[in-house]
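A.B. asks: missing the sequence, but the structure's below:
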């Protein structure tokens, strides 16, 4: 992934953390009040999140793994665990450059 793609992925993660924090803060206040996050910020977070998922899936497709089943395993982990699997893949693989494996 190049720097722009990494910036999109990590800004999406930061935006999700901010929206979650605002939601938790909004739920804990008495009396309940409307969401303090504007709709445009939520829409931007949604667009960044979709872009990040697309970029991470593209990185998974292009990356070579020593085990041929690793791509399917990561795809299933990302699909069934949601944000946690995507976060783990982003920090474990996406931050490192893709390299060609030497096939024997």
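C.D. replies: Received, thanks. Every value quoted in this text rests on a predicted model; they were computed, and no experiment measured them. Numbering: from 1, shown residues only.

A.B. asks: just the residues contacting whichever strand or helix holds residue 85, thanks.
C.D. replies: Assigned by DSSP states H and E, residue 85 belongs to helix 83-89. Here helix 83-89 makes contact (C-beta atoms under 8 Å, 6 or more residues apart in numbering) with 13, 16, 52-53, 56, 60, 74, 77-79. Glycine gets a C-beta too; all of them are placed from N, C-alpha and C.

A.B. asks: any low-confidence regions in the chain?
C.D. replies: Counting by pLDDT under 70, the chain contains low-confidence ranges at 26-38, 101-104.

A.B. asks: mind doing that once more with 80?
C.D. replies: For the chain, applying pLDDT under 80 flags the ranges 1, 22-41, 82, 98-104.

A.B. asks: would you map the helices across it?
C.D. replies: 3-28, 39-62, 70-81, 83-89 (DSSP state H).

A.B. asks: how distant is the second one from the center of its chain?
C.D. replies: Okay, so that is helix 39-62. In terms of C-alpha atoms, centre = their mean, to the nearest Å, the centre of helix 39-62 is set 7 Å apart from its chain centre.

A.B. asks: now do that helix against helix 70-81, angle only.
C.D. replies: Angle between the axes of helix 39-62 and helix 70-81 is 160 degrees (criterion: axes from the mean of the first three to the mean of the last three C-alpha atoms, to 10 degrees).

A.B. asks: and helix 39-62, what's buried?
C.D. replies: 45, 48-49, 52, 55-57, 59-60 (16 or more other C-beta atoms under 10 Å).

A.B. asks: how about the third one?
C.D. replies: Taking 16+ other C-beta under 10 Å as the basis for neighbour counts, the residues of helix 70-81 that come out buried are 74, 78.
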